[in-house]
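> the following comprises the amino acid sequence and a computationally predicted model.
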Amino acid sequence: MSVNDPISDMLTRIRNGLMVQQSAVAMPNSKIKVEIARILKEEGYIEDFEVLEGEQPYLASLRVKLKYVGERRFRRPVITGLERVSRPGRRFYTRKQDIPWVLSGMGIAILSTPKGVMTGQRARQLNVGGELLCKIW
């Protein structure tokens, strides 16, 4: 089955895994998904991620270990919200001065810029704009 929007698929798999308190979720692999997972790990929203190689290059998958706070019975997910902003049917580009603050700095915006995929804060430091992929808090 083909997916029209792989980033939305990734965010939905993470959201669904958090709702049922899974320890990890698996999804088809792509370069942009690995970059988003790298940012989520650096910012402390997930524990870890790994790329699982398949028999063929197109069968590789990405496994994301989700992060929770609290004891086993009363644990809550670190990620409380995920929102896809730019979609295949409606792209959303932002200039460097218009990069949004997510929850007054408590969340992150992930952008795809000419200098690579990065957080909104990093894009402001480098003075670059780009496509606003998603917001996470």
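Great, that's in hand.
> just to check, Val25 is in contact with Gly17?
Yes: using C-beta atoms under 8 Å, Val25 makes contact with Gly17 at a distance of 3.9 Å. C-betas here are computed from N, CA, C, even on glycine.
> max-length helix in this structure?
Ranked by residue count and defined by DSSP state H, the top helix of the chain is helix 6-19.
> other SSEs contacting it?
Contacts defined by 3 or more C-beta pairs under 8 Å, 6 or more residues apart in numbering; DSSP states H and E place helix 6-19 against strand 24-28, helix 31-42, strand 61-66, strand 82-84, strand 130-136.
> try it again at 10 Å.
Judged by 3 or more C-beta pairs under 10 Å, 6 or more residues apart in numbering; DSSP states H and E, helix 6-19 is in contact with strand 24-28, helix 31-42, strand 61-66, strand 76-77, strand 82-84, strand 130-136.
> quick check: angle from the first one to helix 6-19?
An angle of 160 degrees separates the directions of strand 24-28 and helix 6-19 when computed by axes from the mean of the first three to the mean of the last three C-alpha atoms, to 10 degrees.
> paired strands for strand 24-28, with orientation please.
Strand 24-28 sits in its sheet next to strand 61-66 (antiparallel), going by DSSP bridges.
> quick one: work out the angle between the partner strand and helix 31-42.
Angle of strand 61-66 versus helix 31-42, following the same axes, to 10 degrees, is 20 degrees.
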